[in-house]
Structures are given as C-alpha cells and as structure tokens.
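**Q** fold the stuff below for me.
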Amino acid sequence: MCLFCDIVEGKIPSTKVYENDYVLCFDDINPVAPVHVLVVPKKHFDNIDALAADPEGALYSAEITKAISEVAKIKGVTGSYRTINNCGEKAGQTVMHVHFHVIGGAELTEKLI
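**A** A predicted model of the protein is given here:
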C-alpha cells in the first residue's frame with residue numbers, strides 16, 4: 001500500500017478538511033502557505049496519466065474538481081488559490097498516488113512555490 005492509501009483507510013491519521021465517497025482532503029503536514037490542503041482520490045491512481053487512462057477517471061476527475069472548490073470554500077480562499085499536481089518524480093511527485101495541492105491564504109506570486 002502507499003502512504004495516501006493508508007491515510008484514506010484511516011491507518012495513518014490526518015486532519016480532514018473534506019470527504020465524500022470519492023475523495024479525501026486533508027491538511028498538508030508541511031504547508032507552504034497558511035492554506036495547504038491535499039486532495040486525494042480514494043481509489044489509487046499512480047499519477048494524473050493513470051487517472052486519465054482509467055475507465056472511472058472522468059468520474060474521479062469531476063469529484064476531485066468539486067472537492068477542490070469545496071476545500072477553497074471551507075478554508076475561505078474561494079477565488080484566490082493555487083492548485084498544483086506533480087506528475088512523476090522528475091516533476092516533484094514524491095507520493096505515487098495522484099493528488100492535488102490547494103494552496104492559498106497568502107498573496108501568491110506568478111512564481112511556483
């Protein structure tokens with residue numbers, strides 16, 4: 001199993017921000033801004049390419065998008081936040097379970113984090 005699968009299954013604790021049948025959203029343990037939440041599908045996909053190739057990928061992609069918006073509302077950053085996905089080790093993906101970072105709560109520059 002992977003780290004995020006263990007978090008989804010409750011084997012590793014997290015600070016839950018939002019959850020539905022398809023995604024779990026929780027605070028990042030190493031935040032880069034006042035708001036830094038990870039949006040993780042409950043089904044394991046290695047990366048965004050695997051998500052796109054899966055027959056259920058469109059459903060999960062829609063649920064991820066809705067969850068990102070819900071997290072922004074919950075955290076009070078609606079309309080002013082950054083969403084990041086790293087695909088592959090050379091792009092900075094350190095956990096090989098597709099996930100999205102929702103970052104906000106401070107003025108962000110054009111430069112990536």
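**Q** what about stretch 78-89, average pLDDT?
**A** The pLDDT scores in stretch 78-89 average 95.
**Q** list the buried residues of it.
**A** Neighbour counts over stretch 78-89 (16 or more other CB atoms under 10 Å) mark 81, 82, 83, 86 as buried. C-betas here are computed from N, CA, C, even on glycine.
**Q** poorly predicted segments of the protein, please.
**A** By pLDDT under 70, the weakly predicted segments of the chain are 112-113.
**Q** if we go to 80?
**A** Applying pLDDT under 80 to the chain flags the ranges 1, 112-113.
**Q** how about the strands in it?
**A** All strands of the chain, identified by DSSP state E, fall at 16-19, 23-27, 35-41, 81-84, 100-104.
**Q** closest one to residue 75 among those strands?
**A** In terms of CB to CB, the element of the strands of the chain nearest to residue 75 is strand 35-41, at 4.6 Å.
**Q** who are the packing partners of that closest one?
**A** Contacts defined by 3 or more CB pairs under 8 Å, 6 or more residues apart in numbering; DSSP states H and E place strand 35-41 against helix 3-8, strand 23-27, helix 57-75, strand 100-104.
**Q** in CSV, list the strands of the chain along with distance to residue 111.
**A** Shown next, in CSV, are the strands of the chain (distance: least, CB to CB, whole Å):
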stretch, distance to residue 111
strand 16-19, 26
strand 23-27, 23
strand 35-41, 16
strand 81-84, 11
strand 100-104, 13
